[in-house]
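Participant: Fold the following, please.
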Amino acid sequence: MAKIAKPRMGVIGLGSRGYDLLWAVIVPMAEHGIIDVTAVCDAYEDRAEKGAKYVEEHLGKRPFCATNWKEVVDCPEVDAVFVLTAWEAHVDMCIYAMRAGKKVGVEVGCTYNIEDCHRLVRAYEETGIHCMMLENCCYGKRELMALNMVRQGVFGTVVHCSGGYHHDLREEIVNGDVNRHYRQRNYLHRNCENYPTHELGPIMQILDINNGNRFLTLNSVSSCAKGLHEYAVEHRGADDPVSKMDFAQGDMVTTVLKCADGRTAVLTLDTTLPRAYSRGLTVRGTKAMYSMDGDYFFFDGNPHFATVKDLIDNPENNAEALSEKYQHRIWKDYGENPIGGHDGIDWLAYNGFVESIREDITPPIDTYDTATLMCIACLSEESIAKGGAPVAVPDFTAGKWITRTEIKDEAKGYYTLKK
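Facilitator: Purely as a prediction, here's the structure:
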């Protein structure tokens with residue numbers, strides 16, 4: 001493909017997340033002259049029409065509007081697509097678009113069998129068209145600050161990372177039948193690490209996954225499932241049909257990943273019990289640690305008896321106080337003109353994808369990375385079903401991870417050699 005100065009974008013999926021992105025990121029990108037929005041789509045006609053009307057009101061031209069997503073992909077006025085639909089549809093939509101010569105940015109989500117991940121990789125290798133997972137937390141301010149410090153050697157040798165999707169979603173899931181939200185049916189029928197990418201994307205960057213390192217095995221265990229039932233009884237009544245559903249998804253899922261170089265990572269899914277939001281990133285190295293919960297660093301030589309409060313209160317350990325010195329350049333640049341949702345990370349992720357189209361370069365999160373992120377759900381499902389037994393994580397790069405010993409430029413999508 002050639003460079004496209006102003007990509008014409010098709011938007012597929014205008015539910016809660018899709019419509020939010022339309023007004024917070026996609027239309028503002030068009031208003032800034034970065035893209036054109038030429039087509040919108042949703043399986044529900046009312047959502048599709050709402051999206052088309054919003055684009056017309058803000059950009060002055062009505063986009064092509066459809067309820068059949070293939071019509072958007074096939075539209076000659078579309079150069080690339082955003083896939084923002086329910087999880088079950090992602091892989092087939094992405095592959096169809098790639099084979100049609102359209103680059104794809106896909107919202108986060110899981111797969112249902114490992115073959116889907118292999119199909120996605122084959123589509124890239126046969127077409128040369130990448131699929132980028134639009135994992136916004138890879139662009140989180142603290143996630144990129146920690147990555148920057150890792151690359152500067154502040155942590156010494158990184159040995160272990162952990163993180164989680166700690167987000168109380170009970171209202172969203174229990175009312176999914178009312179709001180036409182896909183999470184309810186997934187929690188009803190599956191028990192797995194169904195949403196690993198917010199924590200895993202940044203951890204993969206820190207651990208050099210697919211670029212000099214890879215995941216070898218995965219072990220997952222799940223707690224029982226109590227939170228959704230009790231919430232449904234309390235908020236919708238004991239006789240409500242949802243209150244009588246038998247949810248398969250455990251309230252807490254813990255997943256351990258082992259890397260080829262011996263390093264480890266732990267992921268936690270925690271979405272159906274009361275709690276405050278956190279991604280819980282922790283980085284442990286031979287010279288330092290970082291904890292997102294508390295937002296502090298502990299450096300080799302600090303008093304080992306220091307309390308978390310001591311570290312938070314001390315400017316030499318407090319992450320915000322250290323940000324001027326260690327903030328990633330992406331956030332330094334973005335801070336001069338902040339735009340977009342989720343405190344900027346949506347804008348940064350989507351801009352990274354669009355930049356890869358404009359420059360015709362490898363996206364910051366390429367198809368191998370996307371497949372690796374997607375595969376965790378079905379592998380964890382298998383491990384849980386086997387009582388936490390280890391499951392092999394496929395090498396989607398077919399050995400190329402050994403020689404891809406380079407560092408990605410998260411802003412532009414290309415690679416620079418490690419120093």
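Participant: Past the helix or strand hosting Met93, which element shows up next along the chain?
Facilitator: Assigned by DSSP states H and E, Met93 belongs to helix 90-99. Sequence order places strand 103-106 as the next helix or strand after helix 90-99, per DSSP H and E.
Participant: first vs last residue of stretch 12-24, how far apart are they?
Facilitator: Taking Cα to Cα, to the nearest Å, stretch 12-24 runs 16 Å from one end to the other.
Participant: Measure how far that stretch is from the centre of its chain, please.
Facilitator: Its chain's C-alpha centre and that of stretch 12-24 lie 16 Å apart, by Cα atoms, centre = their mean, to the nearest Å.
Participant: cool, stretch 93-111 as well?
Facilitator: With Cα atoms, centre = their mean, you get 14 Å for stretch 93-111.
Participant: and that stretch, how far apart are its ends?
Facilitator: From start residue to end residue, stretch 93-111 stretches across 13 Å - Cα to Cα.
Participant: returning to what we had before: need the contact partners of the helix holding Met93.
Facilitator: 12, 69-70, 73, 80-81, 83, 85, 103-104, 106-107, 109, 111, 116-117, 119-120, 123-124, 126-127, 129-131, 374 (Cβ atoms under 8 Å, 6 or more residues apart in numbering). Placement of C-beta: from N, CA and C, glycine included.
Participant: Which of the residues you listed fall within helices?
Facilitator: Of the positions in the contacts of helix 90-99, 69-70, 73, 116-117, 119-120, 123-124, 126-127, 374 sit in helices, assigned by DSSP state H.
Participant: from those, which is closest to Gln249?
Facilitator: Nearest to Gln249 among the ones in helices among the contacts of helix 90-99, counting by Cβ to Cβ, is Met374 at 17.9 Å.
Participant: What count of nearby residues applies to the closest residue to that closest one other than its chain neighbours?
Facilitator: Using Cβ to Cβ, 6 or more residues apart in numbering and skipping the chain neighbours, the partner closest in space to Met374 is Thr111 (4.5 Å). By the measure other Cβ atoms under 10 Å, the count of residues near Thr111 is 22.
Participant: Please apply the same query to Lys3.
Facilitator: By other Cβ under 10 Å, neighbour count at Lys3 equals 10.
Participant: quick one: it and Val354 touch, right?
Facilitator: No - contact criterion Cβ atoms under 8 Å: Lys3 and Val354 do not qualify, at 12.0 Å.
Participant: Pretty sure Pro196 is one of the things Val266 touches, is it not?
Facilitator: No - with contact defined as Cβ under 8 Å, Val266 does not count as touching Pro196 (11.1 Å).
Participant: Now do the shared contacts for those two.
Facilitator: Common neighbours of Val266 and Pro196 (Cβ under 8 Å, 6+ apart) are Thr255.
Participant: So the two - more neighbours on which side?
Facilitator: For Val266 versus Pro196, the count of surrounding residues by other Cβ under 10 Å is larger for Pro196: 29 against 18.
Participant: which non-adjacent residue is nearest the more buried one?
Facilitator: The shortest distance from Pro196 to any non-neighbouring residue, by Cβ to Cβ, 6+ apart, is to Ile376 (4.3 Å).
Participant: Likewise for Val27?
Facilitator: Closest to Val27 by Cβ to Cβ, 6+ apart is His58, at 5.1 Å.
Participant: That neighbour: what's it in contact with?
Facilitator: His58 neighbours (Cβ under 8 Å, 6+ apart): 27, 30-31.
Participant: Buried ones among the ones in helices among the contacts of helix 90-99?
Facilitator: Among the ones in helices among the contacts of helix 90-99, those buried by neighbour count (16 or more other Cβ atoms under 10 Å) are 69, 73, 116-117, 119-120, 123-124, 127, 374.
Participant: before we move on, back to that, if I look at the residue nearest to Val27, how far off is Tyr19?
Facilitator: 13 Å (Cβ to Cβ, to the nearest Å).
Participant: and Met245, how many neighbours?
Facilitator: Met245: 16 surrounding residues under other Cβ under 10 Å.
Participant: Among the contacts of His58, which one lies nearest to Arg236?
Facilitator: The shortest approach to Arg236 among the contacts of His58 belongs to Val27, at 35.1 Å (Cβ to Cβ).
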